[in-house]
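Engineer: show me how the following folds:
(2 chains)
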Amino acid sequence: MERTQRFHLTPAKREAMWAYGLISPWLIGFLIFTLVPMVTSFVMAFMEYNVIQPGRWIGTENYRTLAADPLFWQAVKVTFTYAAMSLLPSLALGLALAMLLNASIPGLSVWRTVYYLPSIISGVPVAILWEFVFNKRFGVLNWVLALFGIRGPGWLSSPQWALPALAIMSLWGVGGGMILYLAGLQGVPTPLYDAAKVDGANGWQRFWKITLPMISPVVFYNLVMGTIGTFQYFTNAYVMTDGGPNYATWFYNLYLYRNAFYYSKMGYASALAWVLFLFVLVLTLLIFRSSAAWVYYEGQLKGGRG
Amino acid sequence: MFTRETWSRRDFLRFCAISTGAALLGACAPKATPAPAGGAPAEAAPAEGAAAPAAGEAKKVIIFVGFGTGTSESQIAEENALAEECSTALADQNISVEMLVTPHEEHLAKFSAMLAAGDPPDIVMPIGIGGVAELYDSDAWLDLQPLIERDKYDMSDFYGVTQTLHTYSKGTLGLPMAVYPSFIFYNKDLFEQGGVDEIPHVWDDPNWTFDKLIEVGQQLTLDSKGNTANKTGFDPADIVQWGYDESWLDFVGNARQFGATSGNGISEDYKTSLFDEEPYIQRAQWMSDAIWKYYFMASAEMAQDAFSLAGDPFSSGLVAMFPCHTWMLGQTYAELAFNWDIGAVPQGPTGVVSAQVDADTFTMAAAGKQHDAAWEVAKWCCSPGILERFALTWGSVPARLSGQEIFHKSLKEKFPSIDEKVLFAAIDYSDVPNHEAWKPQPAKVGDAISAAVDKVFLGQERDCAVIMQELDKTVQGYLDEYWAGKS
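Structural biologist: Numbering: from 1, shown residues only, chains lettered A, B, ... in the order given. Here you go, the predicted model:
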């Protein structure tokens, strides 16, 4: 005979149930649009599946194919090269702009808005705009170079310059990071600078010994988000170069997209997606691991000397 | 439910399990319905079956637009007007028509998703040979032959070549609707300024060869000082006008002009890549030399520099000869600021004259639930008088012989000075088997070909034997991979 244990809901449990009830739209959305597709793609990575016909279980074949696929390695090479070219300049420029806009200059709010604006305009229109910037004959970039007597290349049509061009273009979005740096800079206590000045520290020393350590959590955050964003790079390459010329901008996500929606190889695309996830996970873990050495939190004691 | 304060633990867990399960089931409800294998004939497909609307019930036929042309604003307006007319014409059969227009970039993803969800559109239109090829291997298309035979549909009014282009080993996958022959657009003003005779309008002229094309091309190529490409002192780094540009044609299809027997670089049994054969190497070398040896065709960098703002090389006014298809007639060529005409494609070294052709049709989804209604709509779209309107909307020659007059009239109104005989004659030199014809892993092979073309246009390798052998190896790898998966 079934024994039913009745229990009385405590106010805390009732509150928890209310909370779950209220966040259930998000929870259901997460389950349907994130968790289920993730699990599905994990399973699909072991299948040959073209969406139209039923999938066929092929075990680890997709992962083995991937290891021997020259286009996969080209995509990895391009994505890592791009990350190396764009990530640090973006972080540095964002910080530099934030420091400039943290100074008391006339029209500060206007300048902040101006530098932040590009980061909220993104996607296809920006890609088209930059196609004009990079145009060999009519582009602004080559016009500026010509003022210094330099004959600019055909940025997007040259295998040597297409990737650097996209890295230059990535600086367009530094305004997003800049705002965070600005918030971090404004949180640095001014007495620290006053004390350093009294001790005779110059501008560089104040930046290196006070500003950078104090905003290191923001740098850390921007680095993690930047790394993830870089490995998800897609739109500009899709619109502006479509992976060319001759695979010079063959980004990882572009190859993934082509496998899924051009080659109808959903299984292989899923395997690519999970390998990308692993790349990003490992890199993020490495950054987290390294953070103990360079990220400082207020009130945190370091090596018993803090 | 939260007003009830006394719940059993099991009740609570049950509630959670049921709500989660319901949400998941709800999301997954439209279960994927695989298409019938083998391009199943109409009788075998679920035509008007249990899943189909009962007789007399209103049937809405969805026409999917996005596999090819037909997605510009003006085209959509005309297509919608035709859909409305079709609904009126077929009202007695209770059939209505709706156009589902999708941006071309998303066509495959959207169409595949609709198929997978068990809710495919009934008709895809317009769709070219390459579009059919994209899903040919997935058995997405219905064989129309049983319907053609059942209704004794008269095919005699269609160009013979267009019928061939839509007939596959899996059956007849579409009725001919539109043909896009290619020929050479040429800038009469540049010919006149250069004192060069205009190119022949007669096809099969033995004096109009690819060697002659080099000669004419060089005479019409100028550097900024006005030197032609065949003169000493010509500066190839400072070209301001080019004699020729074939960058808008299919690189593989051009090899037929040099004696290639396959349309798409793959053997008849689809198992062997033929890109290392002489016609492919020689044709690629001709193109490479046109850019890097004789300088009458623009490199990739020069093309981006000079033509990108104009939209296409010919519209820039900087190119004297531009082989391309009739699509350009649907674009802005009526407003070009120079005089132009059209001429014939030269004869290849082995005497072959071949002009690439594209052809549009409609296809019916094999997994569609109302084949008979869709067939009625398709027949209406292909009927005399209507087919021509679709074709003109898409910038093509109507595939019906009887439609020539309407096309001729429209062409004369828009382009009074061009020699339309060249255009109609081009159909007789169509590349059959076609450059867009199905091959294993078409998109992947297409990407490999594009990479090889990039190498030619970028000048990364001037010896095309090297490029083509590398392409051959890559494509052979894809073919082997495909057949290994089938075994």
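Engineer: which bits of the stretch 151-300 of chain A sit near chain B?
Structural biologist: A:153-154, A:156-159, A:244-247, A:258, A:260-264 (C-beta under 8 Å from any C-beta of the partner chain). All C-beta atoms are positioned from the backbone trio N, CA, C, and that covers glycine.
Engineer: go through those and flag which are in helices.
Structural biologist: A:258, A:260-261 (DSSP state H).
Engineer: now these: which count as buried?
Structural biologist: A:258, A:260-261 (16 or more other C-beta atoms under 10 Å in any protein chain shown).
Engineer: that's a helix at B:Asn254, yeah?
Structural biologist: Yes. Secondary structure of B:Asn254 (DSSP: H, G, I helix; E, B strand; the rest coil): part of a helix.
Engineer: grab the nearest non-local neighbour of it.
Structural biologist: Leaving aside its sequence neighbours, B:Asn254 sits nearest to B:Arg283 (C-beta to C-beta, 6 or more residues apart in numbering or on different chains; 5.3 Å).
Engineer: what do you get for A:Trp111?
Structural biologist: In space, and not counting its chain neighbours, A:Trp111 is closest to A:Leu101: 5.7 Å by C-beta to C-beta, 6+ apart.
Engineer: from what I can see the one you found touches A:Ile179, true?
Structural biologist: No. Counting by C-beta atoms under 8 Å, A:Leu101 stays clear of A:Ile179, with 9.4 Å between them.
Engineer: give the residues shared as contacts by those two.
Structural biologist: Overlap of the contact sets of A:Leu101 and A:Ile179 (by C-beta atoms under 8 Å, 6 or more residues apart in numbering or on different chains) consists of A:Arg112.
Engineer: on the three-state scheme, the residue nearest the centre of chain A is what?
Structural biologist: Among the residues of chain A, the one closest to the centroid is A:Gly229, at 1.7 Å (C-alpha atoms, centre = their mean). Under the three-state scheme (three-state DSSP), A:Gly229 adopts helix.
Engineer: ok, it to A:Ser270 distance?
Structural biologist: Distance of A:Gly229 to A:Ser270, given as C-beta to C-beta, to the nearest Å: 21 Å.
Engineer: and B:Thr221, by the same measure?
Structural biologist: With distances taken as C-beta to C-beta, B:Thr221 is found 50 Å from A:Ser270.
Engineer: between these two, which one's more packed in?
Structural biologist: Neighbour tally, B:Thr221 and A:Ser270, criterion other C-beta atoms under 10 Å in any protein chain shown: the higher count belongs to B:Thr221, 28 against 25.
Engineer: got the contact list for that one?
Structural biologist: Counting by C-beta under 8 Å, 6+ apart, B:Thr221 makes contact with B:228-229, B:239, B:241-243, B:295-296, B:320.
Engineer: nearest to A:Gln53, of those residues?
Structural biologist: Checking these against A:Gln53 by C-beta to C-beta gives B:Trp242 as the nearest, at 46.7 Å.
Engineer: for chain A, see how far away the spatially most central residue of chain B is.
Structural biologist: In chain B, the centroid-proximal residue (C-alpha atoms, centre = their mean) is B:Gly128; its distance is 4.4 Å. Separation of B:Gly128 from chain A (C-beta to the nearest C-beta, to the nearest Å) stands at 16 Å.
Engineer: that residue contacts B:Ala359, doesn't it?
Structural biologist: Yes. Counting by C-beta under 8 Å, B:Gly128 touches B:Ala359, with 6.5 Å between them.
Engineer: rewinding a little: can I get the ones in helices among the residues of the stretch 151-300 of chain A next to chain B in CSV including pLDDT and distance to A:Leu192?
Structural biologist: Output for these, formatted as CSV (pLDDT from 0 to 100; distance: C-beta to C-beta, whole Å):
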residue, pLDDT, distance to A:Leu192
A:Arg258, 92, 52
A:Ala260, 91, 51
A:Phe261, 87, 53
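Engineer: wait, what's in contact with A:Phe279?
Structural biologist: A:Phe279 is in contact with A:76, A:231, counting by C-beta under 8 Å, 6+ apart.
Engineer: so it lies in a strand, does it not?
Structural biologist: No. In this structure, A:Phe279 is helix, not part of a strand, as judged by three-state DSSP.
Engineer: buried residues, stretch B:272-279. List them.
Structural biologist: B:272-277, B:279.
Engineer: output that stretch as PDB - backbone C-alpha positions only.
Structural biologist: Coordinates of each C-alpha in stretch B:272-279 appear next as PDB, following Å, rounded to 0.1, in the frame of the first residue of the first chain:
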ATOM      1  CA  THR B 272      36.800  10.600 -60.300                       C
ATOM      2  CA  SER B 273      37.900  14.100 -60.300                       C
ATOM      3  CA  LEU B 274      39.000  15.300 -63.800                       C
ATOM      4  CA  PHE B 275      40.600  18.600 -62.800                       C
ATOM      5  CA  ASP B 276      44.100  17.400 -63.700                       C
ATOM      6  CA  GLU B 277      43.100  16.800 -67.300                       C
ATOM      7  CA  GLU B 278      44.500  19.000 -70.000                       C
ATOM      8  CA  PRO B 279      41.300  21.000 -70.900                       C
END
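Engineer: report the rounded mean pLDDT for that stretch.
Structural biologist: The average pLDDT within stretch B:272-279 is 96.
Engineer: how about low-confidence regions in the chain?
Structural biologist: Answering for chain A, as no chain was given. Confidence mapping of chain A against pLDDT under 70 gives the ranges A:1-7, A:299-306.
Engineer: um, chain B though
Structural biologist: Using pLDDT under 70, the flagged stretches of chain B are B:1-56, B:331.
Engineer: contacting residues around B:Ile418?
Structural biologist: Per C-beta under 8 Å, 6+ apart, neighbours of B:Ile418: B:340-342, B:411.
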